[in-house]
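S.K.: Predicted coordinates and the sequence they were generated for:
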Amino acid sequence: MTVATPAALSPTPEQLAAWGIDPAWSRRVRIDGADGRPVNWHVFDTGPGPRGTIVCVHGNPTWAYAWKDLLTTLSPAWRVIAVDQTGMGYSERERPRTLEQRIEELVSFCRQEVSGPLVVVAHDWGGAISVGAADQLQVEALVLANTAVAKPDDVAVPPLITASRALVNVMCRYTPLFVEGTARMTSRQHRAALRAPYRGAKRRVAVRDFVADIPLRPSDISHGALERCGENFAALTCPILLLWGAKDPVFHDRFLRDLRQRAPHADVQRFADAGHLVALDKPIGAVVADWLHAKASRQSTVARDARFSDVLATVKQRANDERPVYVGPDGSLSWAALAERSRQLSHVLRSDGLSKGDRVAVLIPPSPDLLVAVCALWRCGAVPVLADASAGLGALKTLMRAQSPRYVLGTKLTLLLARSLRFAPRARYGLFGSLPGTLDCGGLNAGDEHDDAVIASDDVAAIVHTSGATGPAKAVRYSHGQLSAQRGAMNSLVDRDPDSAFTTSFAAFMLLSPLLGKTCVRPDFNINKPSTLGFDELSKASQRARVGAAWLSPASARRVVATAKGRTLPIPLVMLAGAPIAPSLRRELAAITGGAVHTPYGMTECLPVTDGVQRVANESHAGVGVGVALDGCAIVIERLDAPGHGVVADDGWGEILVSAPWLFDGYEGSSSADVASTVMMDGVRFHRTGDVGYLAGEELFVLGRRIHVIDAASGPLASVALEGSVSDALANEVAAVGVGPKGAQVVALVLEREGSLRLAPPAMSEAARAALSIPVAAVLEGTLPRDRRHQSKVDRTTLSRDVSNFLAGR
Amino acid sequence: MLGRAVVEGLVQRGDDVTCFQRRPSASQGKDVLGDIRDADAIASASQGCEAIIHLAALVAPRPRWRDAYDVNVGGTTKVLDAARDCGRLVYISTPSVAFDDKPSVGSAAEVARYEGPDAYARSKAMAEVEVLSRRDLACVILRPHLVWGPGDTQLVGRIISRARQGRLVLPDHGRVLLDTTYIDDAASAIIAGLDRSDDAPQTWGRPWVVTGNDPRPLAELVAGILAAAKISRLPRSLPAPVVERIGWVLGRCWPTDEPPLTQFAARQLSVAHWFDQRDTQRALRWQPMVSVDEGIRRLSTWFQEHDLST
């Protein structure tokens, strides 16, 4: 059989070199075509690689070039093969192919060219084809970028596709509109390569056929094949990574949500600023390489906690208990009411269409309604997404959008904001009370009866967000098993007196009351401004119930001390979160409450880690002691100079790594953050906290944030360790920052003193220098900037920038 | 001053040193008097030498371009010719050759591309480029930064005389970080450079910034020097742009070639200048021994031993 002339076209070595592709990778393969005749495919094949084989499948109207970053980054460790499908790229032009036939041809190619297991990477309609082929191949791992395996019912066919379908010949074949439109979705440098194989209407026939084959109605020829793809996808057990450009007008976030629903175990890397051609827009090669590496080393994850019990166990047990679970200025809620109202709300939501695994944004401030909403979502098996407004509306919008929640539950005010600022396009809104167009969560006409969803330990329980006080806020995912373990750990901290209540200045902790089985007393203060919680507010709260423990942020604690005016308020146990805490604050608080004041260490990703009384280290121990690790929690210290390659020697300091059964599940939508913060040691998953410190015996000492380590030519210096000796010597708060390029930084000290930055008087500089044994370039004074959220931690990032500019003369 | 310190260091370790300069050096080396613009004089002075250390330069706040060029560029070309016969050269440049109006914060030795109005920096930049173009020579190029110490008439001398006159003004309270080189360290670095011109080809053909690796705010350095000289009068401060403007006016209108300030000098004192020394120290196998504080102590002792009234 003769090969038609256009099919013989190949990219020239000069073209390939200009596009940044190794010409040696370009080759031709003859495979069994779906119509019984052999067909000539063009592929990029990087040649043998020790790690395995990756097959990349492009969409329409792109070609193997779309995988340039993957080809160049993952070879030669991997053999990367990027194919041009029949009629596409530089492969032979043939008669139209249906989805079914394309699947068949991909299977036939892989069987012929690859022996053993393979990783499949696909984009756009290549995704459906790959998923369709997956059950006939030995797929080790699957990476999908902006694709779909089904059209969610509530999504209209994208106008771009409808238009292309109606005018398919004009849009896709006779004019290069479709090809050009796609090429223009990415940066200029890639466009020539994307256009090259599709010059001339004859070469665009398959582009048209591809669009014409998209099943929009059940009667369309490929409808059945796509349905099978959807089923196939849900049945896949291999690791899956979804790479997602959020600015794709065709495969938008709603499709991502659909994929996640079908494969809840999939990891997600969402790029808020990338579009449809995410594989060209972003360095996906590095992301995929890291992910594959992490997956390989994570094979042996620890067995899940066998003692798992449902988060709602206590709520269900106490369904007839009329004692309060929540007491606040806005009323109280009994355990019985919580059980009943959450049951009703779950029926309303389930009748409305909420299903297990759905993300639901909860924009309700701490109140009885918040507890009811969260418990109802757990009854449905849905996942509450909690973000606090103190991050700012812009940040809140970014966080909410990244989760593409199916529902938003809120108050009138928050729903209005969410709507007008478009926090969650395509979501359904729900409100306690009635508002036209929103779901009434009041439950007056509760829907049909539904049984509570069956929850497994691995199911996602909640998404919370890091404060953003020490970096961009990240979405932190917890499974039900982890929440259950956390309940145990928290109880071991505060549950000395089971019948007493607790109070707190943290919104998230108020949610823990149904889990812990303890009454939460909410003081009357602005939850977004912890510094509005003073002695009077705390005192009023403790009149409402017998408070056995208080979890306070440093800002609240300082306010309580400042407003006490000699009065006392007995509280047996105060937990001060957020190290480092000034020892004076702890002493004064102990004097006011007459109880123990603990300063546990922990973070959103793993709470709590230690318990103990924080103490300022003595001479040999710099930093802040935060107690010893809780039962079940492991702490190791990783070397700064060799991350991933070892633990520090006995007396060294480095990054603090933690592991615990209640360690979070992962960062939602950011597999790269996940990979970067995760270390496997002897099959145990550890989390890099971003804090540095050391262990002295059992006790953990914290030396501040890793990003604040001064990277001097003589070696790394922990800022907190330097500050301790200076502030002791001068009886003045001080911050140490590094100035200059990494590896050659010099130390600058800033003494806390009202006013803008200036050089400290000579006597002060001399005294400050005398307190340290290392060279100090400059001693300044000025008001230290604080983080806006807690008003406690010195905002070193800002300070370091200001000091650098000051000393540079900028 | 720096030349004498180098000679003393060399003589002490037993090297045979010839000093070529205009006036008697009062050092322990053998003096040959002559002008750097005189090629024959250089050739005869360097006869039989194994290496040349080229420190001669015209340093003045506002020299005539012709003079700066003849001495700094022309003189260097002639030294280069002479060094071809000896085989080795240590060329002393200055970080100013790479000054680009912006702060240097822990920078490495940037390319000598200064083309501004300052005749000294410009001629030194041209000279360094000329040295770099001689690929056939075993040549180590050092850029010592702000060399100071006892007997220094440039930095220490000027600060003291200005302060005595009450005319010492610091831009923005002297906030910027500068690193400096104590005279002994500058001399030992040059001697290390001389040795590396023999045994470490990887150090040839590129410039190395040399400093004491102890950056301090300008105000602190000035205060230290004034305290060592027992001058209680404190420098005044003006906003950096004002100082620069004054420098611009003085640089243009001052009748002699030593205006008290030029725009170039004002700008140099308004932005940070300190350098990453890791590569230099590794390459030269050299380390500074005198911190700023120790230098000030030595300077203070020196002032006590010498008559201050002059």
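M.R.: Nice, I can see it. Please read all numbers here as calculations on a predicted model, not as lab measurements.
S.K.: what helix or strand is A:Val268 on?
M.R.: Applying DSSP states H and E as the criterion places A:Val268 in strand A:267-271.
S.K.: Could you look up the SS state of the closest residue to chain A within chain B?
M.R.: Of all residues in chain B, B:Gly106 sits closest to chain A, at 3.3 Å by Cβ to the nearest Cβ. Every residue, glycine included, has its C-beta placed from N, CA and C. With DSSP: H, G, I helix; E, B strand; the rest coil as the basis, B:Gly106 sits in strand.
S.K.: Give the burial count for it, as a bare number.
M.R.: Residues lying near B:Gly106 (other Cβ atoms under 10 Å in any protein chain shown) number 24.
S.K.: Please name the residues that touch A:Ala557.
M.R.: A:Val574, A:Leu576, A:Ile581, A:Leu585, A:Leu589 (Cβ atoms under 8 Å, 6 or more residues apart in numbering or on different chains).
S.K.: in a strand, that's where it is, yeah?
M.R.: No: per three-state DSSP, A:Ala557 lies outside any strand segment and is helix.
S.K.: picking up where we left off before, how much space separates the closest residue to the residue of chain B closest to chain A other than its chain neighbours from A:Leu354?
M.R.: Ranked by Cβ to Cβ, 6 or more residues apart in numbering or on different chains and with sequence neighbours excluded, the top spatial neighbour of B:Gly106 is A:Gly740, at 3.3 Å. Distance from A:Gly740 to A:Leu354, counting by Cβ to Cβ, to the nearest Å: 54 Å.
S.K.: and the two? which has more neighbours close in?
M.R.: A:Gly740 (27 against 24).
S.K.: confidence score at that one?
M.R.: As predicted, A:Gly740 sits at a pLDDT of 91.
S.K.: and if you look at A:Ser671?
M.R.: For A:Ser671, the predicted pLDDT is 84.
S.K.: May I see the buried residues of the helix ranked longest in chain B?
M.R.: Scanning chain B for the helix with the most residues, using DSSP state H, yields helix B:183-199. The neighbour-count check on helix B:183-199 (16 or more other Cβ atoms under 10 Å in any protein chain shown) flags B:183-197 as buried.
S.K.: cool, and stretch B:158-178?
M.R.: B:158-160, B:162-163, B:168-178.
S.K.: out of those, which are inside helices?
M.R.: Counting by DSSP H, the buried residues of stretch B:158-178 place B:Arg158, B:Ile159, B:Ile160, B:Arg162, B:Ala163 in helices.
S.K.: would you put the C-alpha positions of stretch A:497-507 in CSV?
M.R.: Extracted C-alpha coordinates of stretch A:497-507, given in CSV (Å, rounded to 0.1, in the frame of the first residue of the first chain):
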residue,chain,number,x,y,z
ASP,A,497,-11.3,16.7,84.1
PRO,A,498,-13.7,15.2,81.6
ASP,A,499,-16.8,17.1,82.7
SER,A,500,-15.2,20.5,82.5
ALA,A,501,-15.5,22.8,79.5
PHE,A,502,-12.8,24.5,77.5
THR,A,503,-12.5,27.8,75.9
THR,A,504,-10.3,29.1,73.2
SER,A,505,-9.4,32.0,71.0
PHE,A,506,-8.9,29.8,67.9
ALA,A,507,-11.8,29.3,65.6
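S.K.: Would you mind pulling the contact partners of that stretch?
M.R.: Here stretch A:497-507 has contacts from A:327, A:365-366, A:388, A:494, A:509-510, A:513, A:516-523, A:525, A:527, A:530, A:533, A:538, A:541-542, A:545-553, A:555-556, A:572, A:577, using Cβ under 8 Å, 6+ apart.
S.K.: Let me see the contact set for residue 232.
M.R.: Just going to use chain A. Per Cβ under 8 Å, 6+ apart, neighbours of A:Asn232: A:Val131, A:Gly132, A:Ala134, A:Asp135, A:Val149.
S.K.: wait, I meant chain B there
M.R.: B:Leu226.
S.K.: how about TSV for the ones in helices among the buried residues of stretch B:158-178, with pLDDT added?
M.R.: Below are these laid out as TSV (pLDDT from 0 to 100):
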residue	pLDDT
B:Arg158	85
B:Ile159	88
B:Ile160	89
B:Arg162	86
B:Ala163	88
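S.K.: re the thing from before, just the buried subset of the contacts of stretch A:497-507, written out for ChimeraX, thanks.
M.R.: Burial among these is assessed by 16+ other Cβ under 10 Å; the matching ChimeraX selection reads:
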select /A:327,365,366,388,494,509,510,513,516,517,518,519,520,521,522,523,525,527,530,533,538,541,542,545,547,548,549,550,551,552,553,555,556,572,577
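S.K.: before we move on, back to that, any chance of CSV for the ones in helices among the buried residues of stretch B:158-178, columns distance to chain A?
M.R.: Below are those laid out as CSV (distance: Cβ to the nearest Cβ, whole Å):
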residue, distance to chain A
B:Arg158, 20
B:Ile159, 16
B:Ile160, 18
B:Arg162, 20
B:Ala163, 16
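S.K.: Near chain B, which residues of the stretch 601-750 of chain A are found?
M.R.: Residues of the stretch 601-750 of chain A that fall close to chain B, judged by Cβ under 8 Å from any Cβ of the partner chain: A:Ala713, A:Val739, A:Gly740, A:Pro741, A:Gly743, A:Ala744, A:Gln745, A:Val746.
S.K.: hmm, which of the residues you listed are the buried ones?
M.R.: The neighbour-count test (16+ other Cβ under 10 Å) applied to those identifies A:Val739, A:Gly740, A:Ala744, A:Gln745, A:Val746 as buried.
S.K.: List the backbone torsions phi and psi for A:Asp711.
M.R.: When quoted as degrees, to the nearest 10, the phi and psi of A:Asp711 stand at phi -100, psi 80.
S.K.: Now do the same contact list for it.
M.R.: Contacts of A:Asp711 (Cβ under 8 Å, 6+ apart): A:Gly738, A:Lys742, A:Gly743, A:Ala744, A:Gln745.
S.K.: quick one: terminal-to-terminal distance for stretch A:649-660?
M.R.: 23 Å (Cα to Cα, to the nearest Å).
S.K.: Ok, stretch A:46-61 next?
M.R.: Span of stretch A:46-61 from end to end, Cα to Cα: 23 Å.
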